[in-house]
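A.B. asks: The sequence and its predicted three-dimensional model are supplied below.
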Amino acid sequence: MREIPGAKQIHPGIYDDSKDYETYIHGVKTAASDHVTDCIFGTNLNGIKYFINEMQEQKYARCQREPLGKSIMRNYNLPEITKDEKFRFGVDTIGGNLNK
């Protein structure tokens with residue numbers, strides 16, 4: 001039997017079981033909630049306000065490691081031995097027949 005996208009697939013093991021699970025409700029319904037525009041609003045920073053905000057943001061470590069539009073800069077200082085082409089991490093397998 002082919003599965004049809006969007007159609008509910010009933011497992012053969014639960015075919016004769018009661019269908020109580022279809023009436024279960026998970027979570028709590030809220031009467032009202034805040035709208036996104038009330039919770040998240042863009043700040044209109046122009047000129048000197050923008051510059052001051054950027055200077056304050058630069059003190060955070062995450063901002064320094066993950067600047068917008070660039071990948072994370074980890075700045076690891078590994079030992080010199082790790083720069084050798086033949087260097088491998090880990091421990092050799094005892095009795096193993098690995099080609100190196």
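C.D. replies: Looks like it came in fine.
A.B. asks: only C-alpha atoms for contact and neighbour calcs from this point on.
C.D. replies: Will do.
A.B. asks: For residue 22, give me phi and psi.
C.D. replies: When read as degrees, to the nearest 10, the backbone of residue 22 gives phi -70, psi -20.
A.B. asks: Name the helix or strand for residue 63, please.
C.D. replies: If you go by DSSP states H and E, residue 63 is part of helix 61-65.
A.B. asks: How far does that helix sit from its chain's centre?
C.D. replies: The chain centre lies 17 Å from the centre of helix 61-65; the measure is CA atoms, centre = their mean, to the nearest Å.
A.B. asks: which residues are in contact with that helix?
C.D. replies: The contact list for helix 61-65 (CA atoms under 8 Å, 6 or more residues apart in numbering) reads 57-58, 72-74.
A.B. asks: Pick the one among these closest to residue 8.
C.D. replies: Closest approach between those and residue 8, by CA to CA: residue 72, at 42.3 Å.
A.B. asks: dump the residue contacts of that closest one.
C.D. replies: Neighbours of residue 72 in contact, by CA under 8 Å, 6+ apart: 65-66.
A.B. asks: SS state for it?
C.D. replies: coil (DSSP: H, G, I helix; E, B strand; the rest coil).
A.B. asks: Can you check the pLDDT for residue 98?
C.D. replies: Residue 98 carries a pLDDT value of 56.
A.B. asks: So which bits of the lengthiest helix in the chain are buried?
C.D. replies: Longest helix of the chain, by residue count under DSSP state H: helix 48-57. For helix 48-57, the neighbour count (16 or more other CA atoms under 10 Å) marks no residue as buried.
A.B. asks: Output it as PDB, nothing but the C-alphas.
C.D. replies: Provided in PDB are the C-alpha atoms of helix 48-57 (Å, rounded to 0.1, in the frame of the first residue of the first chain):
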ATOM      1  CA  ILE A  48      24.800  58.500  16.700                       C
ATOM      2  CA  LYS A  49      22.300  56.200  18.400                       C
ATOM      3  CA  TYR A  50      23.200  53.400  15.900                       C
ATOM      4  CA  PHE A  51      26.900  53.900  16.500                       C
ATOM      5  CA  ILE A  52      26.500  53.900  20.300                       C
ATOM      6  CA  ASN A  53      24.300  50.700  20.100                       C
ATOM      7  CA  GLU A  54      26.900  49.000  17.900                       C
ATOM      8  CA  MET A  55      29.700  49.900  20.400                       C
ATOM      9  CA  GLN A  56      27.700  48.400  23.300                       C
ATOM     10  CA  GLU A  57      27.000  45.200  21.400                       C
END
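A.B. asks: Sounds good, over and out.
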